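Undergrad: for reference, the sequence and a predicted model appear below.
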Amino acid sequence: LFTSFGLAEKLKSNHHKIVYVCVPAHEDLVRSNGFEAEVILENLFTDSGESTKERSAQKRPGVLESISHLRKQTRQFFEYIRSRQVDELMDDLSPDLLLVDSALPFFAMAAYRMRIRCVMISVTLVEHDYDIPPLTSAIIPDGSLRNRFLSRLSWCWVQLLGAISRNLLWVLGVETNYTRVLKKLAVQADYPVERISTLTTLMPGTGMKELILCPGEFDFPRELPENTSYIEACVREEEDDGRFPTGWIDSKRQLVFCYLGGQSANYAKHSTTLQSVINAVGSRQDWQLVFSVGSGVDIKQINYHYTNVLVVNWAPYGRLLKQAALMINHGGLGSIKQCIYHGVPMVVLPLCRDQIGNGARVVYHGLGAVQRGGNVTAKNIERMIEAVLSDDDCRQRVAVMGKRFREIERDERGLKRIERYLSMPPGDLVG
């Protein structure tokens, strides 16, 4: 959501009406950022407003209970997608253009069926060919025969694991074969099924026009399909609400800013990683750490005695990056884009999914250091911070790419493309 707000703000500033269709948990966030919200699936996500902190305090459900809940959610979600409720929603909104998150391609089929202009937007990098490793892989392509073989082998492994997982869940009554569901919806919408792409670790591609909310300069060198375009990073400055104690920062110490993502508290190694980061920076009196742990963590439960460490639930991202010497992040594309935009080198601690592939791109472009497997210890983190802070070439590379990011941001590629799409017939947005 945060990345999309940057694009939405540009559209709104150019006199377009923006309405977010969202689940209940996101309504307050959307409205607090100045946009209208149309809430759907209230019955399905009645508990989605609970914080991670509240959920963690509850007893974790057992495996069978979790599977039963997942079965119910997926069944009701797909029933909703196939129902008249989607048509009624579109009739009520009467959108001139529907921007659909690539993680929810099912809504795109409904738009096509109703002859509504539709464009996909992706907040992650995309996967389109076997020569570029899947986003879950740390392989860095170099064009060699061995490297291409490893890339394809990685794809085979990902697809095998995906097939096993889907079939196992199907036996248990849980439909997670999203390609099969999307193709069924495509047939019902009279959409060309052959355009649907299955080469992905995330969701199948629709083959419609797609905008990647990231400049191509960060990706590996590659050719994209003609219907897919890189745009700007869509960086948006957060408003400072006065919660952060600005006077705490000591200008005589190098500032390390850490944020490991909004979902990091759900990962098994979260507590260990959090403590390792605190110990790595806290033990150095020439450094200082601001650690933003997100709203789902009770900071009163975090024990540390360092005077050069500040742990908060929220921190003003952009303002801190303007002062930071380095950022520690989880490899989320949003965090990496912010670092590049502000010219800040990084230490990346990937947790899962596309964070691993994003970390590989950080290494490829020489924008920082990345933890590759193994346990995340305070000593390892301290070594990586030292290496990055002492690397003038790394800082220069980040500065050069940051300048390019800011140029592309000012060019407003996304706004220009979307306004061009608004003048096109709906059918022309396919391919």
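TA: The structure has been received and is ready for your questions. These numbers come from a predicted model, not from an experiment.

Undergrad: for the helix ranked longest in the chain, give the mean pLDDT please.
TA: Using DSSP state H, we find that the single longest helix of the chain is helix 145-171. Helix 145-171 shows a mean pLDDT of 92.

Undergrad: mind listing what residue 151 touches?
TA: 130, 131, 132, 133, 137, 139, 141 (C-beta atoms under 8 Å, 6 or more residues apart in numbering). (C-beta placed from N, C-alpha, C; glycine too.)

Undergrad: actually residue 107, sorry about that
TA: 21, 81, 86, 98, 100.

Undergrad: figure out the helix or strand that the third one lives in.
TA: Going back to what we said before, that points to residue 86. Per DSSP states H and E, residue 86 falls inside helix 84-93.

Undergrad: again, but for residue 220
TA: With DSSP H and E as the test, residue 220 turns up in no helix or strand.

Undergrad: and for residue 305?
TA: Going by DSSP H and E, residue 305 is not in any helix or strand.

Undergrad: residue 256 versus that one, what's the distance?
TA: 18 Å (C-beta to C-beta, to the nearest Å).

Undergrad: quick one, which of these two is more surrounded?
TA: Legend: neighbour count by other C-beta atoms under 10 Å for residue 305 and residue 256, higher for residue 256 (26 against 7).

Undergrad: average pLDDT for the helix or strand harbouring the more buried one?
TA: In the assignment (DSSP H and E), residue 256 maps to strand 254-259. Averaged over strand 254-259, pLDDT sits at 95.

Undergrad: pLDDT below threshold where in this protein?
TA: Counting by pLDDT under 70, the chain contains low-confidence ranges at 46-61, 239-241, 263-269, 373-374, 431.

Undergrad: at 50 what do you get?
TA: 48-57 (pLDDT under 50).

Undergrad: tell me where it has strands.
TA: For the chain, the strands defined by DSSP state E occupy 19-22, 36-39, 98-101, 118-122, 210-212, 228-230, 254-259, 287-292, 309-312, 326-329, 346-348, 368-370.

Undergrad: can you give me the buried ones in the first one?
TA: Judged by neighbour count (16 or more other C-beta atoms under 10 Å), strand 19-22 contains these buried residues: 20, 21, 22.

Undergrad: right, and the last one touches residue 41 too?
TA: No. Judged on C-beta atoms under 8 Å, residue 22 makes no contact with residue 41 at a distance of 9.1 Å.

Undergrad: how about stretch 101-112, which residues are buried there?
TA: Across stretch 101-112, burial judged by 16+ other C-beta under 10 Å covers 101, 102, 105, 106, 107, 108, 109, 110, 111, 112.

Undergrad: in helices only, show me the residues you listed.
TA: 106, 107, 108, 109, 110, 111, 112.

Undergrad: and which of those is nearest residue 227?
TA: Closest approach to residue 227 among those (C-beta to C-beta): residue 108, at 12.7 Å.

Undergrad: the closest one contacts residue 117, correct?
TA: No. Using C-beta under 8 Å, residue 108 is not in contact with residue 117, being 10.8 Å away.

Undergrad: now the contacts of residue 107 as a markdown table including distance to residue 221?
TA: Listed next are these as a markdown table, based on distance: C-beta to C-beta, whole Å:
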| residue | distance to residue 221 |
| --- | --- |
| 21 | 36 |
| 81 | 37 |
| 86 | 39 |
| 98 | 32 |
| 100 | 28 |
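
Undergrad: can you select the buried ones among those residues for me in ChimeraX?
TA: Here is the ChimeraX command that selects the buried residues among the contacts of residue 107 (16+ other C-beta under 10 Å):
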select :21,81,86,98,100
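
Undergrad: cheers, nothing more for now.
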